[in-house]
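> sequence-free structure coming up:
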């Protein structure tokens, strides 16, 4: 009889050890998942903090009545300062005379835009690259090259 009680006690002890080991293993896996989740949250917070400091200045061309216009806009989360449109000799759709009174802009708020005329004619190219430069809280002389199309 005492052998039976000893065997049952041994079995219960082994079962308890096995159960404890299994719970510790599950707990360890959960802890690793929690650590990974915290890492992902920190990375996401860092990205958000960077995005909040960046302006996103871009441009697009659109038809307005009979003519074409170019809209330069700030789609970023931050204000853009000293917004400049860099034109070279190859720009035919956008001329210096069209933008002279509007650029450089001292500041462009989030969601703000400015429109100016574009000169589209039979011999003008279908697309053209505009270079937009600006400063924001994340740095100076940020740049975006945008391909505008008619």
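Received it, and whenever you're ready, just let me know what you need. This is a predicted model, so every value here is computed, not measured.

> can we go C-alpha only for contacts and neighbour counts from here?
Noted.

> show me the helices in the protein, by range?
In chain order, the chain shows helices spanning 2-52, 96-99, with DSSP state H as the criterion.

> turn the ones you listed into a markdown table, columns for mean pLDDT and mean neighbour count.
Below are those laid out as a markdown table (pLDDT from 0 to 100; neighbours: other CA atoms under 10 Å):
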| stretch | mean pLDDT | mean neighbour count |
| --- | --- | --- |
| helix 2-52 | 80 | 12 |
| helix 96-99 | 77 | 14 |
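
> out of the ones you listed, nearest to residue 141?
Among the helices of the chain, helix 2-52 comes nearest to residue 141, with 16.4 Å by CA to CA.

> elements contacting the closest one?
Applying 3 or more CA pairs under 8 Å, 6 or more residues apart in numbering; DSSP states H and E, one finds that helix 2-52 contacts no other helix or strand.

> re earlier: between the helices of the chain, which gets nearest to residue 149?
helix 96-99 (17.3 Å).

> so which elements touch that closest one?
strand 113-118.

> leaving out sequence neighbours, find the closest residue to residue 69.
residue 117 (4.5 Å; CA to CA, 6 or more residues apart in numbering).

> any idea how far residue 10 is from that neighbour?
90 Å (CA to CA, to the nearest Å).

> ditto for residue 41
For residue 41, the distance to residue 10 equals 46 Å [CA to CA].

> residues touching the residue most central in space within the chain, list them.
Taking CA atoms, centre = their mean, the centroid of the chain lies closest to residue 51, which sits 6.1 Å from it. Counting by CA atoms under 8 Å, 6 or more residues apart in numbering, residue 51 makes contact with 76, 77.

> hang on, residue 115 packs against residue 64?
No - applying CA atoms under 8 Å as the test, residue 115 and residue 64 come out as separate, 10.4 Å apart.

> neighbour count winner among those two?
More neighbours surround residue 115 than the other of residue 115 and residue 64, with 17 against 10 (other CA atoms under 10 Å).
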